[in-house]
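S.K.: got a structure for you, letters missing:
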């Protein structure tokens, strides 16, 4: 049904564009070329050629974990561009409040191009500032809206040391009311090889499963509470155990979600 609706819309737009083009062709006989070119440019702009800016803090939160460990976390992104081509900036970080230091921090700069009505192909670079040693990565991935309205984001990362890793995220929004929304979230990371410097084993390295309940005071501003469970696997789990760190954890979270 959605595909039929999309085809109907596309057909209507083509007819409207053809009608407008025909009318403008006739207008060429009466108006100077520079005025007609300005009119055509305005038509292209109004039909989807605008350049827009968007910012979202999907997660800006406080986490209380076991053993009184407290973290501040952000997961933010922004883009500028049109419907097809966009420039993306993404950043994620975890800051340990008691130690006053970042556990993880990275920044991505990506070029994004729409390859279907629902998915974008993205490529660019990622810089990890924490943990040490720092790494720079080439990035290629896909982001978009999967069937049944799952938001997905998956990428491969090739470091300046030749290490191949990957990450996959999926979210879903369940509307309990028009303003109360339950959001399940899952994240998986993996590595193609063992990386002792980063205490990362090969294979599936970690997973995080979260459930957040937010209330949209405004569509652009929504406080939320929730819970998140995380665990390391395989060689990464062995590294964590050897360092005396927990291999799995549960956190209570509270934060705000903002976009504009």
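M.R.: Arrived safely. Remember, it's a predicted structure, so these values are computed and weren't measured experimentally. Residues are numbered from 1 along each chain as shown.

S.K.: Centroid-nearest residue for this protein?
M.R.: residue 153 (6.0 Å; C-alpha atoms, centre = their mean).

S.K.: secondary structure element for that one?
M.R.: strand 150-159 (DSSP states H and E).

S.K.: for residue 240, same thing?
M.R.: Residue 240 belongs to helix 234-242, assigned by DSSP H and E.

S.K.: For this structure, which segments count as strands?
M.R.: 52-64, 70-81, 85-96, 101-114, 119-130, 135-146, 150-159, 164-171, 174-175, 180-191, 203-215, 221-232, 248-259 (DSSP state E).

S.K.: Name the residues of the second one that come out as buried.
M.R.: I take that to be strand 70-81. 71, 73-79, 81 (16 or more other C-beta atoms under 10 Å). Backbone N, C-alpha and C define where each C-beta goes, glycine included.

S.K.: which residues touch the residue nearest to residue 125 when sequence neighbours are not counted?
M.R.: Nearest residue to residue 125, sequence neighbours excluded (C-beta to C-beta, 6 or more residues apart in numbering): residue 109, at 5.7 Å. By C-beta atoms under 8 Å, 6 or more residues apart in numbering, the contact set of residue 109 is 87-89, 124-126.

S.K.: that older thread, return the closest of the buried residues of strand 70-81 with respect to residue 182.
M.R.: Residue 182 has its nearest neighbour among the buried residues of strand 70-81 in residue 75, at 18.0 Å by C-beta to C-beta.

S.K.: To what extent is the residue nearest to the closest one when sequence neighbours are not counted buried, counted in neighbours?
M.R.: Spatial nearest neighbour of residue 75, chain neighbours left out: residue 59 (4.0 Å); criterion: C-beta to C-beta, 6+ apart. Per other C-beta atoms under 10 Å, the neighbour tally for residue 59 reads 22.

S.K.: same deal with residue 98?
M.R.: Residue 98 has 9 nearby residues by other C-beta under 10 Å.

S.K.: Who does the residue lying closest to it once chain neighbours are set aside form a beta bridge with?
M.R.: Once flanking residues are discounted, residue 98 sits nearest to residue 70: 6.4 Å by C-beta to C-beta, 6+ apart. Going by DSSP bridges, residue 70 is paired in beta bridges with residue 64.

S.K.: Also the one 5 residues further on?
M.R.: Each beta-bridge partner of residue 75 is listed here: residue 59, residue 92, as defined by DSSP bridges.

S.K.: looking at it, it is touching residue 57, isn't it?
M.R.: Yes - the criterion here is C-beta atoms under 8 Å, and residue 75 meets it with residue 57 at 7.4 Å.

S.K.: Surely the residue nearest to residue 75 is in contact with residue 254?
M.R.: No - distance between residue 59 and residue 254: 11.0 Å, which falls outside the contact criterion (C-beta under 8 Å).
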